[in-house]
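Trainee: build the 3D model from these lines:
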Amino acid sequence: ATWACHESISHRVDDQNALARMLIPMLATRHIVTGAGGFDVRPAAGIKFLTSPRVCFLETPRSPHSTQQRGIFHDKPESIGNRNLRRLHLLSECSLYSQWAIWLRAGAVACVTALAEAGCPLPDRVELVDPVAAMRTFAADPALRATAAVVGGGTRTALDIQYAYLGAVERYADHRAMPAWVEQVCARWRKTLDYLQARRPLVEKRLDWAIKLRCFQAMADRRGLPWETLPRWAEIFALLDRWGRRSIGRNPGAGGPCEAGWLSACKATAEGMRRRDRVRRLAAARDLDEEAVDAVLHLHPFHTVSVA
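Mentor: Okay, here's the model as predicted:
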């Protein structure tokens with residue numbers, strides 16, 4: 001699960017299709033700035049960090065639903081007030097802690113919505129051939145080098161697309177549809193994209209996903225698990241998790257894996273030894289460090305198995 005953020009933007013765009021076409025590429029790539037960061041929750045994904053775990057729950061480019069078959073663009077136009085205002089409702093991102101990212105998320109999407117309200121053309125070469133697949137590809141690459149196919153031919157990175165939208169907002173900054181604070185949004189948006197492009201360490205203090213990534217990397221290092229080896233641990237961790245769940249089911253009152261005396265006794269069981277050997281064989285086949293394997297075996301509660 002994710003803690004979704006529900007956004008509401010008022011606008012005067014009559015053509016819902018034009019609004020969706022303008023916003024979908026922007027929404028499919030903005031998580032490189034406004035993503036909450038976290039791990040892919042899909043069982044088959046293995047150990048994979050995402051700039052936005054919310055992408056796992058978005059299944060289609062457009063959808064009128066908010067609890068199932070969610071879309072990048074929520075197709076639920078609502079009239080509000082008596083000044084031809086409509087409400088754009090979005091649920092494609094997670095909740096954030098960073099005030100910098102929260103402010104920029106609200107400002108950038110409001111300005112891009114204003115582009116549609118002003119009748120501006122879609123920025124050049126941003127329309128994605130498969131928005132959902134592109135969004136997930138981008139989110140799985142914190143290095144921001146991943147590319148996706150765009151309509152008309154060629155490929156672009158998420159950064160390329162974000163820069164294209166920023167450029168469009170800057171060009172139409174004087175249009176009456178733009179908010180009064182458009183220049184402040186553009187300045188912060190450009191600074192953030194420049195930081196990401198230059199890989200400035202400052203993003204690790206301002207963007208949620210970059211902060212979390214650095215924390216997770218530090219935690220893995222302290223455990224003796226080099227970050228770049230984590231994908232090779234996927235099958236092993238899945239196996240350990242399955243054993244651990246069985247153990248908890250058979251020992252509901254047993255407590256944690258480090259409970260005094262009990263862990264040592266369980267380690268000595270024949271089943272426990274067989275499992276340790278299996279993990280070591282899997283690790284050796286993946287060229288994983290023996291000390292790291294020992295650390296994982298010591299920490300993981302699969303030792304607390306009671307054989308049925």
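Trainee: which one's the longest strand in this protein?
Mentor: Ranked by residue count, the top strand of the chain under DSSP state E comes out as strand 85-94.
Trainee: which elements pack onto that strand?
Mentor: strand 4-11, helix 16-29, strand 71-74, strand 78-80, helix 99-117 (3 or more Cβ pairs under 8 Å, 6 or more residues apart in numbering; DSSP states H and E). C-beta: built from backbone N, CA, C; applies to glycine.
Trainee: dump these to a markdown table, plus mean pLDDT and distance to Thr229.
Mentor: Below are the helices and strands packed on strand 85-94 laid out as a markdown table (pLDDT from 0 to 100; distance: least, Cβ to Cβ, whole Å):
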| stretch | mean pLDDT | distance to Thr229 |
| --- | --- | --- |
| strand 4-11 | 88 | 32 |
| helix 16-29 | 96 | 29 |
| strand 71-74 | 92 | 33 |
| strand 78-80 | 74 | 49 |
| helix 99-117 | 96 | 29 |
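Trainee: which of those is buried the deepest?
Mentor: Among the helices and strands packed on strand 85-94, ranked by average contacts under mean count of other Cβ atoms under 10 Å, first place goes to strand 71-74 (a mean of 24).
Trainee: hmm, who's touching it?
Mentor: 20, 23-24, 27-28, 58-66, 88-92, 131-132, 135 (Cβ atoms under 8 Å, 6 or more residues apart in numbering).
Trainee: look up the pLDDT of the most centrally placed residue in the chain for me, please.
Mentor: Central residue of the chain (Cα atoms, centre = their mean): Ser52, 1.3 Å from the mean position. Predicted confidence (pLDDT) for Ser52: 94.
Trainee: and for the one 4 residues further on?
Mentor: According to the per-residue confidence, Cys56 scores 90 in pLDDT.
Trainee: how close does the residue nearest to Leu88 when sequence neighbours are not counted sit to Ala149?
Mentor: Of all residues not flanking Leu88 in the chain, Ile9 sits nearest, at 4.4 Å (Cβ to Cβ, 6 or more residues apart in numbering). According to Cβ to Cβ, to the nearest Å, Ile9 and Ala149 sit 28 Å apart.
Trainee: what of Gly46?
Mentor: According to Cβ to Cβ, Gly46 and Ala149 sit 25 Å apart.
Trainee: what of Ala168?
Mentor: For Ala168, the distance to Ala149 (Cβ to Cβ) stands at 21 Å.
Trainee: more neighbours: these two, which one.
Mentor: Taking other Cβ atoms under 10 Å, Ala168 and Ala149 do not tie; Ala168 has more neighbours (21 against 14).
Trainee: which SS class is the more buried one?
Mentor: What DSSP: H, G, I helix; E, B strand; the rest coil gives for Ala168 is helix.
Trainee: next SSE after the helix or strand of the chain with the lowest mean pLDDT?
Mentor: Taking mean pLDDT, DSSP states H and E as the measure, the chain has helix 262-267 as its least confident helix or strand, at a mean of 47. Sequence-wise, the next helix or strand downstream of helix 262-267 (DSSP states H and E) is helix 270-285.
Trainee: so for that next one, what gets flagged as buried?
Mentor: Neighbour counts over helix 270-285 (16 or more other Cβ atoms under 10 Å) mark 272, 275-276, 279-280, 282-283 as buried.
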